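In: Sharing a model that was predicted from the sequence below.
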Amino acid sequence: MLAEMLKRLAEEARPGIATEDLEKLARELVLSYKVKPSFLGYGGYPAVLCASVNDEIVHAVPSDRKLKEGDLLKLDFGIIHKGFHTDSALTVLIPGGKESDNALKEKLINVTRESLRIGISKAKAGNALGDIGSAIQKYVELNGFNVVRDLVGHGIGRELHEEPQVLNYGQAGSGLELKTGMVLAIEPMVVTGKWQIKDGKDGFVFLTKDGGLSAHFEHTVVITHGGPKVLTE
């Protein structure tokens with residue numbers, strides 16, 4: 001259900017639409033699917049959707065800001081169904097803009113999406129938590145980008161954020177041993193510049209410290225006997 005909702009939101013993202021319009025659609029989708037939003041009220045967060053643009057990494061509150069050609073829009077959304085949370089995110093390049101600028105943005109999107117796939121492939125029973133982060137970091141850095149360090153993935157279940165923290169960097173073989181039945185929200189946040197971040201003025205959004213662009217992809221993944229299963233595809 002969450003995958004279908006995010007797909008609908010991504011399809012509506014175009015030049016001239018305000019991020020608060022996407023918030024309105026997200027609220028309508030929550031009602032139509034008869035689920036509850038995970039983010040609304042969490043730590044005082046005032047919306048059901050996070051809609052972060054360009055150097056905003058995550059947790060930007062939807063507003064009257066209109067999307068422009070060539071904007072990098074991160075949509076992060078979570079729902080509760082039958083007492084359990086799922087959490088997922090994707091990045092959309094708003095159509096238009098300069099081709100020379102878009103090449104870097106498209107590469108950033110593709111590398112971030114692929115780093116998530118690589119990270120998920122390491123989410124196997126018997127592996128260590130560090131195997132996920134190490135694989136993500138190596139791929140991202142090999143492609144000339146950096147992984148944000150101060151924002152991480154997480155366990156997820158009856159609560160939105162549970163243990164363990166799922167780093168997008170680190171040493172292979174380090175950390176907690178992964179076991180069947182664990183459910184993780186794996187979410188690389190990748191930037192074109194340095195990995196350091198700063199707090200936004202509203203107390204919710206996080207931005208790149210140097211103004212570099214960022215992309216974000218996330219899936220909720222369960223570790224099964226047959227390997228990782230993505231629940232939000």
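Out: Sure, I can see it. Numbers count the residues shown, from 1 in each chain.
In: going forward, measure contacts and count neighbours with C-alpha atoms only.
Out: OK.
In: secondary structure element for S88?
Out: In the assignment (DSSP states H and E), S88 maps to strand 84-93.
In: oh, I was asking about N110
Out: Per DSSP H and E: helix 99-121 holds N110.
In: What's the mean pLDDT across the next helix-or-strand element following that helix?
Out: Next along the chain after helix 99-121, taking DSSP H and E as the criterion, comes helix 129-142. Helix 129-142 shows an average pLDDT of 98 in the prediction.
In: Might you report the residue contacts of V205?
Out: S52, E56, I57, V58, H59, A60, V61, D199 (CA atoms under 8 Å, 6 or more residues apart in numbering).
In: Helices along this protein, start to end?
Out: 2-12, 19-32, 99-121, 129-142 (DSSP state H).
In: rewinding a little: angle of the strand holding S88 against helix 99-121?
Out: Interaxial angle of strand 84-93 relative to helix 99-121 (axes from the mean of the first three to the mean of the last three CA atoms, to 10 degrees): 150 degrees.
In: Packing partners of strand 84-93?
Out: helix 2-12, strand 72-81, helix 99-121, strand 183-186, strand 214-216, strand 219-224 (3 or more CA pairs under 8 Å, 6 or more residues apart in numbering; DSSP states H and E).
In: out of these, which comes closest to T192?
Out: strand 214-216 (6.5 Å; CA to CA).
In: in the closest one, what's buried?
Out: By 16 or more other CA atoms under 10 Å, the buried positions in strand 214-216 come out as S214, A215, H216.
In: Adding pLDDT and distance to G153, write those out as TSV.
Out: TSV is the format used below for the buried residues of strand 214-216 (pLDDT from 0 to 100; distance: CA to CA, whole Å):
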residue	pLDDT	distance to G153
S214	98	16
A215	98	14
H216	98	11
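In: residues of stretch 34-45 that come out buried?
Out: Applying 16+ other CA under 10 Å to stretch 34-45 flags V35, K36, P37, S38, F39, L40, Y45 as buried.
In: Dump the C-alpha coordinates for it into PDB.
Out: What follows is stretch 34-45, C-alpha atoms only, in PDB (Å, rounded to 0.1, in the frame of the first residue of the first chain):
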ATOM      1  CA  LYS A  34      -7.900   3.100   5.600                       C
ATOM      2  CA  VAL A  35      -4.500   3.300   7.300                       C
ATOM      3  CA  LYS A  36      -2.900   5.700   9.700                       C
ATOM      4  CA  PRO A  37       0.100   8.000   9.000                       C
ATOM      5  CA  SER A  38       3.300   7.200  10.900                       C
ATOM      6  CA  PHE A  39       4.800  10.700  10.900                       C
ATOM      7  CA  LEU A  40       1.900  13.000  11.900                       C
ATOM      8  CA  GLY A  41       2.600  14.100  15.500                       C
ATOM      9  CA  TYR A  42       5.800  12.100  15.800                       C
ATOM     10  CA  GLY A  43       8.100  14.400  17.800                       C
ATOM     11  CA  GLY A  44       5.700  17.200  17.100                       C
ATOM     12  CA  TYR A  45       6.000  16.800  13.300                       C
END
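In: from the chain's centre, how far out does it sit?
Out: 16 Å (CA atoms, centre = their mean, to the nearest Å).
In: now the closest residue to V230 other than its chain neighbours: how far from R14?
Out: Leaving aside its sequence neighbours, V230 sits nearest to V221 (CA to CA, 6 or more residues apart in numbering; 4.5 Å). Counting by CA to CA, to the nearest Å, the separation of V221 from R14 is 29 Å.
In: Neighbour count for the two, which is higher?
Out: More neighbours surround V221 than the other of V221 and R14, with 25 against 20 (other CA atoms under 10 Å).
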